[in-house]
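Undergrad: Got a predicted structure plus its sequence, pasted below:
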Amino acid sequence: MTPPGWHPDPGYSGNGPAQERWWDGAQWTGHVRASPGAARRRGIRIGVGVTVGAVVLAAIGGGVYLLDEDGGGPPGTAASSPSAVPDPPGAPDGGEKDGEKGGEGNGDGQGPGGQLPPTEPGFATDLAAGISLPVPKGWKGTSGAVGAGLTTGEHACPGDTAETCVRGGVFSAPAAAIKLTAGTPEEAAKKDISLNAQESYGGKSYGKISSHEELKSEAVTVAGGKGYVVRWKVVTEKGDDGYVESLVFPSPTSKDMLVVVRSGFDVNKDAPKLSVLDDITRGIKAASGAGGGGGAV
């Protein structure tokens, strides 16, 4: 089953800012909030936003950016206000209910009652996807109610030194959270790789991507599920070239949910070796206490 948490609102019409709705584990509730990507933000630039603990991570790769919410607080519930109507069992504290207007909040991407996602030493947990990513030595891991991320090697972006990029990064999220729709893991991975490359290395911080070479496109088993991975080497206009990878597989806690893991490493002596990326993929497992089967491969 899909774990309780904030997920893209299935009833969103496309008019106005995107929003998320709280799933209590059995049904959609009346609690809604602005999607993290629609919230006002400051600091270091980012591509597609998904809440991950105290930072927002997206399009992880050499061109990834880390970003705090506007106002200095951690991201999460972008619009929250107390409600006079009793919350349904398992509903989150704060957030809006249908028909209510909320103000700026300081949510942190936590689950109901302010509880952090289940974590364990050495792993970053993506609660919505039901997975945990192994944190390599020297890396920073961030858990979240929707999304998890790993980053290392912060440095000034080559095309815009006022912003910060990283030498390597890995980011996970349910496919629906980044609006990736595809029938199979293979279809999704092949569709996502160009988006990943553009988000990671195609912006002003690296300039346009002039060409790419496909290094890998194959089936893979992740957390007990049959997935698919595509890896490119991209040539950038500014700064280092990069390796980008899109990995898609079924969630170990909900076989109907596809999970996307986007990765990107600079082609640089100070960047992690690609063998580290392979180690991370092998170490992905079902989140501790998330239910369902599957484990590290």
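TA: Structure's in. What do you need?

Undergrad: right, and the helix or strand after the longest helix belonging to the chain?
TA: Across the chain, the longest stretch assigned as helix under DSSP state H is helix 185-201. Sequence-wise, the next helix or strand downstream of helix 185-201 (DSSP states H and E) is strand 209-222.

Undergrad: Could you list the low-pLDDT ranges of the protein?
TA: 1-2, 11-18, 34-119, 289-297 (pLDDT under 70).

Undergrad: residue ranges for the helices of the protein, please.
TA: Under DSSP H, the chain gives helices at 185-201, 274-283.

Undergrad: could you check the angle strand 209-222 makes with the longest helix of the chain?
TA: 140 degrees (axes from the mean of the first three to the mean of the last three Cα atoms, to 10 degrees).

Undergrad: circling back: out of the helices of the chain, which is the most enclosed?
TA: helix 185-201 (a mean of 23; mean count of other Cβ atoms under 10 Å). For the C-beta atoms, the positions are set from N, CA and C on the backbone; glycine is no exception.

Undergrad: before we move on, back to that, need the helices of the chain in a markdown table with distance to residue 236, can you?
TA: Below are these laid out as a markdown table (distance: least, Cβ to Cβ, whole Å):
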| stretch | distance to residue 236 |
| --- | --- |
| helix 185-201 | 5 |
| helix 274-283 | 17 |
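
Undergrad: Can you tell me which of those helices is nearest to residue 33?
TA: Among the helices of the chain, helix 185-201 comes nearest to residue 33, with 23.5 Å by Cβ to Cβ.

Undergrad: Who are the packing partners of the longest helix of the chain?
TA: strand 209-222, strand 225-236, strand 242-251, strand 254-266 (3 or more Cβ pairs under 8 Å, 6 or more residues apart in numbering; DSSP states H and E).

Undergrad: do that again at 6 Å, thanks
TA: Where contact means 3 or more Cβ pairs under 6 Å, 6 or more residues apart in numbering; DSSP states H and E, helix 185-201 is packed against strand 225-236, strand 242-251, strand 254-266.

Undergrad: Let me see the residues that make contact with it.
TA: For helix 185-201, the surrounding residues in contact (Cβ atoms under 6 Å, 6 or more residues apart in numbering) are 47, 59, 61, 63, 175, 180, 182, 209, 227-228, 230, 232, 234, 236, 242, 244, 246, 248-249, 258, 262, 264.

Undergrad: Right, I'll call it a day here.
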